[in-house]
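Engineer: Task: produce atomic coordinates for the following.
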Amino acid sequence: MAITITEAAASRVATFLANRGKGIGLRLGVRTSGCSGMAYVLEFVDELDEGDQIFEEKGVKIIVDAKSLVYLDGTELDFAKEGLNEGFQFNNPNVSSECGCGESFNV
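Structural biologist: Residues are numbered from 1 along each chain as shown. Now for the predicted structure:
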């Protein structure tokens, strides 16, 4: 099982953590939400929880809980700027469908 991160996303996460002044890394998870069933969750991690998996790449740590890892295995976290919009993108090979607004997905 693995989570990967692009250079652009790693740079953005490192900048966020440096500006924040603390934190182990970034938690990537899923929660039940949206019209397709699941939504991605990103949050800073100051303390690890039991069962957390740590994926370290390009100098940053991505932390994933065991329940989310089932849905996220193989996902690449990217960061992109398109015109005035910018944000993290999830290249998840497990997704079978996404809602029209792009906020949720189904596996």
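Engineer: For the residue nearest in space to the middle of the chain, what are phi and psi?
Structural biologist: What sits nearest the mean C-alpha location of the chain, by CA atoms, centre = their mean, is Leu28, with 3.6 Å. Main-chain dihedrals, Leu28, degrees, to the nearest 10: phi -110, psi 120.
Engineer: Verify the stated contact: it with Leu42.
Structural biologist: Yes. Leu28 lies in contact with Leu42 (CB atoms under 8 Å); the separation is 6.2 Å. To be clear about C-beta, it is placed using only N, CA and C from the backbone, and glycine gets the same treatment.
Engineer: Please save the CA atoms from stretch 26-37 in CSV.
Structural biologist: The C-alpha coordinates for stretch 26-37 follow below in CSV (Å, rounded to 0.1, in the frame of the first residue of the first chain):
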residue,chain,number,x,y,z
LEU,A,26,-0.4,16.3,6.4
ARG,A,27,-3.3,13.9,7.0
LEU,A,28,-5.0,12.6,4.0
GLY,A,29,-8.3,10.8,4.7
VAL,A,30,-11.8,10.3,3.5
ARG,A,31,-15.2,10.9,5.1
THR,A,32,-18.8,10.1,4.1
SER,A,33,-20.1,13.1,2.2
GLY,A,34,-21.4,14.6,-1.0
CYS,A,35,-23.6,13.2,-3.7
SER,A,36,-21.2,10.4,-4.7
GLY,A,37,-20.6,9.1,-1.2
